[in-house]
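K.L.:
quick check, what structure comes out for this input:
(chains A, B, C and D)
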Number of protein chains: 2
Amino acid sequence: MNDTSRRSGKIPTIRDVAELASVAPATVSNVLTGRRPVAEERRKRVLAAVAQLGYRPNHLAASLRRQETRTIGIVIPDLTNPFFAALVHRIEELAAESDYQILLMSSNEDVEQEAHRVQVMLARQTDGLIISPARDDISAFAHSAADLPPTVLVDRGFGLAGFDTIAADNFDAAKRGCQHLLDLGHVDIVLVVSDTSLANISDRIAGYRDALSEAGLAHKARVIVGGFTVDGCRGTIEQELRRADRPTAIFSAAYIATLGAIKAIRALDLEFPGNVSLLSFDDSDWMTALRPYVSAVAQPVDELAAESWRLLKQRLTGTGGELARVRLPCSLHVRESTRPPSTAQRKRRLEATT
Amino acid sequence: MNDTSRRSGKIPTIRDVAELASVAPATVSNVLTGRRPVAEERRKRVLAAVAQLGYRPNHLAASLRRQETRTIGIVIPDLTNPFFAALVHRIEELAAESDYQILLMSSNEDVEQEAHRVQVMLARQTDGLIISPARDDISAFAHSAADLPPTVLVDRGFGLAGFDTIAADNFDAAKRGCQHLLDLGHVDIVLVVSDTSLANISDRIAGYRDALSEAGLAHKARVIVGGFTVDGCRGTIEQELRRADRPTAIFSAAYIATLGAIKAIRALDLEFPGNVSLLSFDDSDWMTALRPYVSAVAQPVDELAAESWRLLKQRLTGTGGELARVRLPCSLHVRESTRPPSTAQRKRRLEATT
DNA sequence: ATGAAAGCGCTAACAG
DNA sequence: CTGTTAGCGCTTTCAT
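P.N.:
Model (predicted):
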């Protein structure tokens, strides 16, 4: 059918269509975009010409003219983290429904890469940005929100001036997680974090401390830092578990910390929850596969994605009101890796302390 | 410093810079792109003007003019699958090094969504495409390779005419996996697949059958189909495990099948490798966390990504030669979930068969 | 309802 | 080495 175009070799433009249909280029545009009405007869001629030539509108040219690309940029720290993968997946899905596309970049938790990537996004005229900043700070890539197109900060950078920001309620989630362990009778609970400089993490630390305080156990708080790698976390946790007064429960405050914790426990030939209870911040499909099922605090990924997109789209269409700050609740899934401390555990602690 | 631009309200263009620096727009372009030399003094004036105005080149306009977007489109079936997430992550990283950006879309294993997304990519003038097709067939989105910009097919659609194609050596990997189980002494090995219509999967089935044949056990081949969901796979596998003559080993030929298999085994209160050995096609970080560590065939994700990008870039720069068909070897990680059949297992089979 | 003309912001081609 | 000119392909005035 469109052999003609194929043979001609050149990609047809709107002018080619216009000539073939004996109408003005503007008319072709109006038929294809539906922005203005076109007489039925001419409409058909245009459509026929489009089909015959195999014409495809050049979105690039339209973007330049309209000053709108229908592209949004997403910058996240790490796509291999299932949390971010799921977040991006869902945002892409929603954006596509509104005919927006995604330009994706990973900062690899690196401020400089992040800065560079955001600059590229700006040069590319993305209509909006969804960013999960490497640090809770935009100074790496912009002076202020005014330097950027409509931008939503998700998961990190909560509350920064000038942005719609959205994140899980890390404080509350960590507090409830810790309370769960306290309810079970644990008193020596160590919190393992990746990096204390992120607000998310300090919120989790604060939630953990708050729960302890309310139980009158503020002095029992113990936070250890494992870094951004599984092996780093594992090493730190192994040290912790080697202490005579080792904790009876570990609360791993990040995905990699959970993997590190499990590996550390296994490396020392310990069992969980037998020798130590384990609670994970961040849930994953495998946590309900191998035994023991891992008790976990789950972030509402789909809702975070939906809300991010909703807010951004509002800004893009100018229907947004006040800047939003949204905290979404996490859910606690009590499974098998958390249980009351055994008498052996209690005894061990007692001996170590006296 | 660039308060001037801030106050003016309007985004500066190359002409504004040119005027301020008293040079021609083309000169500004030449300074910024480095495509042609510019006298040192004028250079400095231009750079100063750029800084003062806070000018950013509009990549869109440049793309339109140059007929090159430095954007590549990636279409994959599902970003929540760790394999694809890792693939995309790595490709993005490599592309960024060459100053290419990624337009990302998921087809959600759906041919129609895929078709639509590819059309969008084409309209957006992506310089190249990396696609992992929902079916091993491009007919959903193009008549032939000639309809598309330079395109690499990765993981799926291996060998399709007109494309550089690249995939793991699924046949060999499955064969070696099955041989490993045979070497252990297993004779009743069931293969669980998601969907037989994908070439990847039939290759794995063929590899499995081939290994059995070489061992003179062709008649023992048993392949069950669980579909694209974890629960579907689990259900199918549960049924299989309820049979009196249940297998002594399960080879799960896809990530979700592995999750399904583990859940099925647990649901029936069986143990692995005690009651049944388990070998996974596709590796994941958690498989070396919880016990027993899961023996797995690992696809060379990073190499697949690197090779995909290398091939695409060659095409983009016109340095590509013959169309390439690359098979990359998988690696077999023997861990704890596979072991020789116990005497109890042998006995059970014997009783069921007689 | 339609067409002509004027750009969106940039760069390649061509003079000088 | 530098400036001028002419578009890339589309959409939007502004007439008619």
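K.L.:
any regions of chain A where pLDDT drops low?
P.N.:
A:1-9, A:354 (pLDDT under 70).
K.L.:
got the domain ranges for it?
P.N.:
A:3-57, A:71-168+A:301-328, A:170-299+A:333-352 (automatic domain parsing).
K.L.:
all strands of the stretch 151-300 of chain A, in order?
P.N.:
Under the criterion DSSP state E, counting those that start in this stretch, the stretch 151-300 of chain A contains strands at A:151-154, A:164-168, A:189-193, A:222-225, A:249-252, A:277-281, A:295-298.
K.L.:
who's in contact with the residue in the stretch 101-250 of chain A positioned nearest to DNA strand D?
P.N.:
For the stretch 101-250 of chain A and DNA strand D, the shortest gap (CB to the nearest atom of the strand) falls at A:Gln125, measuring 12.8 Å. In this view, the C-beta of every residue, glycine as well, is placed from N, C-alpha and C. Contact analysis of A:Gln125 by CB atoms under 8 Å, 6 or more residues apart in numbering or on different chains lists A:Ser63, A:Gln67, A:Thr69, A:Thr71, B:Asn58, B:His59, B:Leu60.
K.L.:
ok, stretch A:126-139 near chain B or not?
P.N.:
No. Stretch A:126-139 lies out of reach of chain B by CB under 8 Å from any CB of the partner chain, never closer than 10.0 Å.
K.L.:
list the buried residues in that stretch.
P.N.:
A:Thr126, A:Asp127, A:Gly128, A:Leu129, A:Ile130, A:Ile131, A:Ser132, A:Pro133, A:Ala134, A:Arg135, A:Asp136, A:Ile138 (16 or more other CB atoms under 10 Å in any protein chain shown).
K.L.:
and of the strands of the stretch 151-300 of chain A, who's closest to B:Ser107?
P.N.:
strand A:151-154 (24.1 Å; CB to CB).
K.L.:
do the closest one and chain B meet?
P.N.:
No. Residues of strand A:151-154 are not located near chain B by CB under 8 Å from any CB, the shortest gap being 15.8 Å.
K.L.:
now do that strand: distance to the chain's middle.
P.N.:
10 Å (CA atoms, centre = their mean, to the nearest Å).
K.L.:
circling back: for ChimeraX, write a command that selects the buried ones of the contacts of A:Gln125.
P.N.:
Paste this into ChimeraX to select the buried members of the contacts of A:Gln125, with burial taken from 16+ other CB under 10 Å:
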select /A:63,69,71 /B:58,59,60
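K.L.:
out of the contacts of A:Gln125, who's near DNA strand C?
P.N.:
On the criterion CB under 7 Å from any atom of the strand, A:Gln67, B:Asn58 are the entries of the contacts of A:Gln125 that sit beside DNA strand C.
K.L.:
other SSEs contacting the helix or strand hosting A:Ile74?
P.N.:
Secondary structure assignment for A:Ile74, by DSSP states H and E: strand A:71-76. The helices and strands touching strand A:71-76, judged by 3 or more CB pairs under 8 Å, 6 or more residues apart in numbering or on different chains; DSSP states H and E, are helix A:82-97, strand A:101-106, helix A:111-123, strand A:128-131.
K.L.:
closest to DNA strand C out of those?
P.N.:
That would be helix A:111-123 among those, by CB to the nearest atom of the strand, at 8.5 Å.
K.L.:
near DNA strand C, anything from the closest one?
P.N.:
No. Using CB under 7 Å from any atom of the strand, helix A:111-123 never reaches DNA strand C; the gap is at least 8.5 Å.
K.L.:
re the thing from before, could you dump the strands of the stretch 151-300 of chain A to JSON lines with distance to DNA strand D and mean neighbour count?
P.N.:
Listed next are those as JSON lines, based on distance: least, CB to the nearest atom of the strand, whole Å; neighbours: other CB atoms under 10 Å in any protein chain shown:
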{"stretch": "strand A:151-154", "distance to DNA strand D": "24", "mean neighbour count": "28"}
{"stretch": "strand A:164-168", "distance to DNA strand D": "26", "mean neighbour count": "26"}
{"stretch": "strand A:189-193", "distance to DNA strand D": "50", "mean neighbour count": "26"}
{"stretch": "strand A:222-225", "distance to DNA strand D": "53", "mean neighbour count": "16"}
{"stretch": "strand A:249-252", "distance to DNA strand D": "51", "mean neighbour count": "30"}
{"stretch": "strand A:277-281", "distance to DNA strand D": "47", "mean neighbour count": "28"}
{"stretch": "strand A:295-298", "distance to DNA strand D": "43", "mean neighbour count": "24"}
